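>>> Next come a sequence and a model predicted from it.
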Amino acid sequence: MSDEVTKWLARTALPLAGLSAGGPVDDLRPLGAALDGVRIVGLGEATHGTAEFFRLKHRLLEYLVTEHGFTVLAMEASASAAPAVDAYVRHGVGDAAEALAGLGFWTWRTREMLAVLTWMRAYNKGRPDAAKVRFAGVDPQKCGPSLTALDAFLRRTAPDRAAGLLAPLRVLADAAPGSRPDPERRLVHEAGELLEFLRGTAPEAADAHRHARLLVRAADVVTRPGRHEDPEETVFAARDRYMAEAVGDLLDDPAARVALWAHNGHLAKGRYGRAVPAMGHHLHARHGDAYYALGLLFGSGAFRARRLRRLPWSRRRAGAAVAHRIGPARPGTLEARLAAAVPGDHLLDLRGAAGAPRAVREWLKGPHPARSFGAMVPRWTYRLHLSPLSPAGEYDGLGYVAVSTCSGPLPD
């Protein structure tokens, strides 16, 4: 990396006074110009189990809500179960920890995420409904609450059809994406029949229709293959496309501005493996510069993830979420280069790089190796895993956290 690039990174970076919410936001205000006209800010993470990412995103959410009028926190979490979380943050209904558990993802059942919901509830308390910040899920997985709601609705309105319509769809409560590949798409047809039945017999039942549409999306994702000659026919492409559509639905309200919480890979404006369009790819294609993707990276430390095991006599299995430790980023990686310019926690706005020196613009085009860990990682080799990343091609901004520590799980 040339001295010119290093100097530009050091000069352009926005050092963070801290990662925790609740304090002054003077260090964040320089982002204001970049967010002018932005309706969706993607808040990424290189791991699902880093406490510092959660804390920084909490701080950024508070800034976006209080300084820029953002109205929704949307998460890579169950769209079916999210209304229970929304009821808590807007109206104080139920229990925050139970609502988090209902989302069905171990990644969000943390002390850090509970602090986010607690802040949202405190912010909303006493405000008129139109001024409250909402919670929404955008992932078509984990549809148990939708099945429960539709079961109650059908038992009231069409008791003779309830069991027959819902019985084949019960699997959608927990079935993982791609877990039931089926070229005939029988689950999709059955979910579609339920939706058509509701449209014909209860055309005004908007909430029932919403739950049924979620089941159609979930069935599609469950029955898609992991591999296909057309990458856009895979389960990965379908899931990200549906998540982008769910974000777009939130923007039907012209006053809505969305903070979108998800993994870096989903928020990127490019494609997985240069083939599968990410959620951010769809959002950028549809909304242009009204979508701002902020990827978060880290230097060293530890993070939580489920340990993936492949035994010779069985299919691969994932164990419990445990700590995974990793040392400083290797020379030549994106993280190492950011740390060389600014060792501490900082943000970097890439939209202002158009006028940067040519060497800088070429470097920002990348690609550069960078770390990216999902909810599951292999037992030993995760330390070696790197993915190519084009900073300016995939993101509008980057955040760097020097030290990662494990997110704090809530008790069962």
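Good, I have the coordinates.
>>> Break down the stretch 301-412 of the chain into its helices, ranges please.
Assigned by DSSP state H, counting those that start in this stretch, the stretch 301-412 of the chain shows helices spanning 334-341, 358-365, 391-394.
>>> who wins for proximity to Leu147 among these?
helix 391-394 (36.4 Å; CB to CB). C-betas here are computed from N, CA, C, even on glycine.
>>> Might you list the low-confidence residue ranges for the stretch 1-150 of the chain?
1 (pLDDT under 70).
>>> ok, which stretches of it are helices?
3-12, 51-68, 82-91, 96-102, 111-124, 144-157.
>>> Check what contacts the fourth one and list those residues.
Which is helix 96-102. Contact with helix 96-102 is made by 78, 81, 84-85, 87-88, 108-109, 113-114, 117-118, 121, 145, 410, as judged by CB atoms under 8 Å, 6 or more residues apart in numbering.
>>> Give me the neighbour count for the closest residue to Arg180 other than its chain neighbours.
Nearest residue to Arg180, sequence neighbours excluded (CB to CB, 6 or more residues apart in numbering): Val222, at 5.1 Å. The number of residues packed near Val222 is 25, by other CB atoms under 10 Å.
>>> quick check, Val222 in a strand?
No: going by DSSP: H, G, I helix; E, B strand; the rest coil, the assignment for Val222 is helix, not a strand.
>>> Might you report the residue contacts of it?
Contacts of Val222 (CB under 8 Å, 6+ apart): 171-172, 175-180, 187.
>>> How about Gly265?
Residues counted as contacts of Gly265 (CB under 8 Å, 6+ apart) are 272, 278, 372, 374.
>>> Considering the residues you listed, which possesses the most neighbours?
Ala278 leads the contacts of Gly265 on contacts (other CB under 10 Å) with 27 neighbours.
>>> In strands only, show me the contacts of Gly265.
Mapping the contacts of Gly265 onto strands (DSSP state E) picks out Tyr272.
>>> which one of the contacts of Gly265 sits closest to Leu398?
The closest of the contacts of Gly265, once distances to Leu398 are taken by CB to CB, is Ser372, at 13.2 Å.
>>> For Ser20, grab phi and psi.
Dihedral pair for Ser20: phi -90, psi 140, per degrees, to the nearest 10.
>>> Verify the stated contact: Arg109 with Leu410.
Yes: between Arg109 and Leu410 there is a contact at 4.9 Å, judged by CB atoms under 8 Å.
>>> re the thing from before, just the buried subset of the contacts of Val222, written out for ChimeraX, thanks.
Selecting only the buried entries of those in ChimeraX, with 16 or more other CB atoms under 10 Å as the criterion:
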select :171,172,175,177,178,187
